[in-house]
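1. 3D, please:
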Amino acid sequence: MDEYIQKFLDKFGAQISRREVPVSSLERYRGRLPNQLLEYWDELGWSGYAAGLFWIVNPQEYEEALGFWLKGTWL
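-> Residues are numbered from 1 along each chain as shown. You can find the predicted model right below:
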């Protein structure tokens, strides 16, 4: 673990929930998201912290909402 994620864990504590990230999801986002984020996913999974205040999430679960939100924009 690098110093940044260690500081996060020190401040926000242990996971309250965790789901393993499948290799297929890591490969889907390789080259599209920073490698460091993919390493965090691999180490920590998709998980919650600080009694649910912060979450590392599966972005695929939000694709429909994101598409709706960005509809009509240059993004």
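2. Low-confidence regions, the protein specifically.
-> By pLDDT under 70, the chain has no low-scoring segment.
3. All the helices of it, residue numbers only.
-> Assigned by DSSP state H, the helices in the chain fall at 3-12, 23-29, 35-44, 63-70.
4. Tell me which of those helices is the most buried.
-> helix 35-44 (a mean of 15; mean count of other Cβ atoms under 10 Å). From N, CA and C alone the C-beta is placed, and that goes for glycine too.
5. next one: that helix to chain centre, how far?
-> Centroid separation for helix 35-44 versus its chain: 8 Å, with Cα atoms, centre = their mean, to the nearest Å.
6. Likewise for stretch 65-75?
-> With Cα atoms, centre = their mean as the basis, the mean position of stretch 65-75 lies at 20 Å from the chain mean.
7. Begin at 10 from now on, thanks
-> Let's use 10 as the start, then, which means that last one is stretch 74-84.
8. Just the terminal-to-terminal distance for it.
-> Terminal residues of stretch 74-84 are spaced 14 Å apart (Cα to Cα, to the nearest Å).
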